[in-house]
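> Kindly generate the corresponding structure for this input.
(4 chains)
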Protein chains: 2
Amino acid sequence: MTEDRIRNMEEFAAVSGISRPTISKYFHDPTSVRASTRARIEAALERHEYVPNIYAMNQNRRLTKNIGIVVPYLADPFFTEIARNIERRCIDAGLWPTLFSAHGQQALENDILDNLRSLKPAGVLLAPLGRGSDRAEVEKFCRDVPTILFDSNIEGLGEAFVGSDNFSFVSQSVTYLARTGSPPVFFEMSTPANPNAKKRRTAYIEVMESLGLVPEIVSIKGDGWGFEEIGYQGAVQFLDQRSLSTDTVLCSNDRLAIGFLSACYDKGLRVGNGAGCALRVAAHDDHPFSRFTCPALTTVAHDYNAVSNKVVEMLFDLMESDGHFAQRTEYLFPAHLVLRDSA
Amino acid sequence: MTEDRIRNMEEFAAVSGISRPTISKYFHDPTSVRASTRARIEAALERHEYVPNIYAMNQNRRLTKNIGIVVPYLADPFFTEIARNIERRCIDAGLWPTLFSAHGQQALENDILDNLRSLKPAGVLLAPLGRGSDRAEVEKFCRDVPTILFDSNIEGLGEAFVGSDNFSFVSQSVTYLARTGSPPVFFEMSTPANPNAKKRRTAYIEVMESLGLVPEIVSIKGDGWGFEEIGYQGAVQFLDQRSLSTDTVLCSNDRLAIGFLSACYDKGLRVGNGAGCALRVAAHDDHPFSRFTCPALTTVAHDYNAVSNKVVEMLFDLMESDGHFAQRTEYLFPAHLVLRDSA
DNA sequence: GCTTTTTCTTTACGCGCGTAAACTTTTTTG
DNA sequence: CAAAAAAGTTTACGCGCGTAAAGAAAAAGC
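Residues are numbered from 1 along each chain as shown, chains lettered A, B, ... in the order given. Down below sits the predicted model:
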C-alpha cells in the first residue's frame, strides 16, 4: 500500500486513471460500470486506501442508503433478537441500518422520529410503542418518510404492517390447554402498552366460547415495561386472594409468565403437568429466556424468521416502489406451540 | 405556522431577519449568540419549521456531534441497560449517540469500527468483545478515533478504561459464602469470551487462599454468547458426574447461574439456605432477570450508575482535550452484594 | 469494416453549510 | 459620553460529492 493518503474522490480518480464521475457511479453501484473498469478501480482501491465521505455522498443524493430500525424497548430480548435479524439482512444488502430504542417512552420515540427525519432514510422499520405512541406524530412521520410498521399495528399508518397473528397464538395455547386439562384463565395487564395484548384477550374470549367454555380473565394493574415484576406482583395477589376456579393459567406473554412462575416458586406452588403439581402455566412469545424458567415454560412462538424476512422484503419492495405502495397491506404470520414442562 | 417551507439556512436567515453566519453559530451552540438574537431566532423557529441538514453540517465541521456506542452483545440485557443509560446522558448533552452491537462476532465488530470511522464521531465508547476482538483492528481504530473503553479492558488501548472492579465482586461473594456456610467452588467457562471472567477466576483463587481455603474451579466447555445454555449443560454434567465436595457454587456470572439454577430445578435439587436445600448458588453482575430466577439469585451488583456516569464524564473530558489524554487511566468501581434466596 | 450502442471523459454547476476576513453596529465600561 | 469590547453583517470561498450535457472512445452487431 503506497503511503500517499487519498483525500477525496478527485485524487482517487487521478491515481486510478478513471474519471471522477465514473468513480462516483462505481460507488453508487459497482455493477453499473463495465467489468474491466470495475477491475481497474478495485485494483486501485487495494493500492490506495480510500473511502468516500458519507456526508458529502448523502447530501445531494435524493435517496440515501440509510435504514432506520426503531423498537419500543431494547431491554426486551425479544426485540433485540428481531432487530439483530433485520440488521444483518440490511447490511448484507449493502444498506446502512441504524437501531434505535424508545426505551418505553413516548417522548423518546418522538425524538427518534425527529432525528430519523434528518437522516433522510430510504426506509424506516418501526415497531411503535403502541398505546404509548403519539399517533399524530407517527402519522406525520409516515407521511414524510417511507415507513413499514412491524410487531405493533397502528391502524392505517405506514405503508404496510408485518407481524404475528395473535389469534393463532391464542387458539393454539387455549385448545392445547383445554384438551389436556382444565381450561385456562387468562392472565394479563389491565392497561397493556401493546395492542397485541388486546387482540390476545379478544382471541381468548372467542376461542373459549367456540369451545363452549366460559372465559375468565384476570387483569392486573401495572404500568411500564417491567413486565416480570408486574407479573410477579399480580401472581402474588392472584394466588393469595383467590380460590382457584381452575388450575391452569395462560399468561398474555412470556415476560408476565416469568414473574408469575417466580411467584409460584416463592409460594411453594409446584407448576407443571405431573402429579403433585398445583398449577399449569403457559404463555405466548417464546421469549429467549423462557427455556430457562423453572419449570421451563410452555409457550407459543413467533415465527421470528418469517417476520424479519418479510419486513426486510417489504422494505426492499418499498424502496423500489419509490417509497409508496398503492395499497397498505397487513401480513400476519402464524405461531407455533412449544411444549415444555410448565403445562 | 406559516406554510412556506424553508429549504435551507439562507431562506431561514431571510425570514428570521438574522444573517446566515449568525444562524450557523446558533445551531452550533445556542449560547454563543446574544440572548436577544437567540430569542429572535427561536421565535422564527416556531413560525417556520426548519432543521439544518446534518450532512451538510457535518461535512466541513472538524468535529461532529456524533457519538458511537459499541457493545459486544445487545441481547444481553446487561448491555442494553448500560447502553440505555449512556445514550440518555449523551442526548441530554446535545450529542447524537448511535448504538451498535457486534452480536458476539469479530467480523461484525470490525465492520462497525469501519463504519464508525466514516461517521467522524467526536468520540466512541467501546465495550469490546474481549478475547474475540481483533486487537490489531481495534488498535488502529483507537489511533484514528478518540475512544474510551468500558466493561472489557484491553490493555493499553483507548484513551481510558472504565469498568467494575472484578476483585471487589469476588471478594464480597466469597467472603459472604464462606462466612455463612461451606466455601464455594467456582463455576465458569473454560474459554470465556470476556476478560473479566479471567480476572474473576484469579480473584477467586486469591481470596480463597487469603482465607486459608483451597480454591476449586469447575471449568465447563462452551463457545459463544449463549451463557444460559452453557450454564445449563455444564450444570447437568457437573451435578451428574461429581460427588460434591461442597454444597456451594459461585458462578462467574449471572447468566451462567440462570442456566445452572434451571438445571438444578429439572433435577429436583432444591437451592437456597434453608433446611432441605441441597445447594447454595450465587453469582456476579446482578443481571436484570436475576431477581426472577427460582430461587431469586444472590449476586454481586455492578454500580451501573457510577460506571455509566464515569464513562460519559470521560467522554466529555476527552472531547475537551481534543480527543487525547496525556495519560491513559483506568477507573474501577466497586460492586455491592445483593442478598436474595439462592445463597 | 462500418454502423449502432454502450460506456467513459470533460466540463460545469449545484447542494447546504462551515468559516475566514473586513467592516459595521450594538453593548459594555469607566 | 467617548472609547473599547462584543456581537452581528457582508462578502466570498471551499468542502466532497452528485449529476447533467456533450462529445470521444470502446464494444457490440451485422
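> Report the contact partners of the spatially most distant residue from the centre of chain A.
In chain A, counting by CA atoms, centre = their mean, A:Gly17 sits farthest out from the average C-alpha position, at 46.8 Å. Taking CB atoms under 8 Å, 6 or more residues apart in numbering or on different chains as the criterion, A:Gly17 is in contact with A:Arg40, A:Ala44. (Each C-beta comes from the backbone N, C-alpha and C, glycine too.)
> Could you check how far it is from A:Val33?
13 Å (CB to CB, to the nearest Å).
> same check, this time on A:Leu318
A:Leu318 is 27 Å from A:Val33, where distance means CB to CB.
> So those two - more neighbours on which side?
Of the pair A:Leu318 and A:Val33, A:Leu318 is the one with more neighbours under other CB atoms under 10 Å in any protein chain shown, namely 22 against 18.
> And the helices in the stretch 151-300 of chain A?
A:166-180, A:195-210, A:227-241, A:254-266 (DSSP state H, counting those that start in this stretch).
> Could you tell me the least trusted of those helices?
In terms of average pLDDT, helix A:227-241 trails the rest of the helices of the stretch 151-300 of chain A, at a mean of 92.
> what inclination does that one have with respect to helix A:254-266?
50 degrees (axes from the mean of the first three to the mean of the last three CA atoms, to 10 degrees).
> in helix A:227-241, what counts as buried?
By neighbour count with 16 or more other CB atoms under 10 Å in any protein chain shown, helix A:227-241 contains the buried residues A:Phe227, A:Glu228, A:Glu229, A:Ile230, A:Gly231, A:Tyr232, A:Gln233, A:Gly234, A:Ala235, A:Val236, A:Phe238, A:Leu239.
> same check, this time on stretch A:85-102
A:85-91, A:95-102.
> Go back to those and keep what's next to chain B.
Applying CB under 8 Å from any CB of the partner chain to the buried residues of stretch A:85-102, one finds that A:Arg88, A:Ile91, A:Trp96, A:Thr98, A:Leu99, A:Phe100, A:Ser101 fall near chain B.
> Mind listing residues that contact stretch A:41-61?
Stretch A:41-61 is contacted from outside by A:1-2, A:4-6, A:8-9, A:11-12, A:15-18, A:23, A:26-27, A:33, A:64, A:66, A:120, B:53-56, B:58-59, B:117-120, using CB under 8 Å, 6+ apart.
> Which of the residues you listed are buried, as a PyMOL select command?
Of the contacts of stretch A:41-61, the buried ones can be selected in PyMOL as follows, counting by 16+ other CB under 10 Å:
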select buried, (chain A and resi 6+9+12+16+18+23+26+33+64+66+120) or (chain B and resi 53+54+55+56+58+59+117+119+120)
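> Select from the contacts of stretch A:41-61 every entry located in helices.
Among these, DSSP state H puts A:9, A:11-12, A:15-16, A:23, A:26-27, B:54-56, B:58-59, B:117-118 in helices.
> closest to B:Val162 among those?
Lowest distance from B:Val162 to the ones in helices among the contacts of stretch A:41-61 (CB to CB) belongs to B:Arg117, with 22.3 Å.
> just checking, that closest one touches B:Asp144?
Yes - in this structure, B:Arg117 is within contact of B:Asp144 by CB atoms under 8 Å, at 6.3 Å.
> Could you check the angle the helix or strand where A:Phe78 lies makes with helix A:254-266?
Per DSSP states H and E, A:Phe78 falls inside helix A:77-92. The directions of helix A:77-92 and helix A:254-266 differ by 150 degrees, with the same axes, to 10 degrees as the criterion.
> next helix or strand past helix A:77-92?
Beyond helix A:77-92 toward the C-terminal end (DSSP H and E), the next one is strand A:96-101.
> Now do that following strand: which elements does it pack against?
Contact analysis of strand A:96-101 by 3 or more CB pairs under 8 Å, 6 or more residues apart in numbering or on different chains; DSSP states H and E lists strand A:66-71, helix A:77-92, helix A:106-118, strand B:96-101 as its packing neighbours.
> Please identify which of those is closest to A:Val174.
With CB to CB as the measure, helix A:77-92 is the member of these nearest A:Val174 (21.5 Å).
> Lovely, talk soon.
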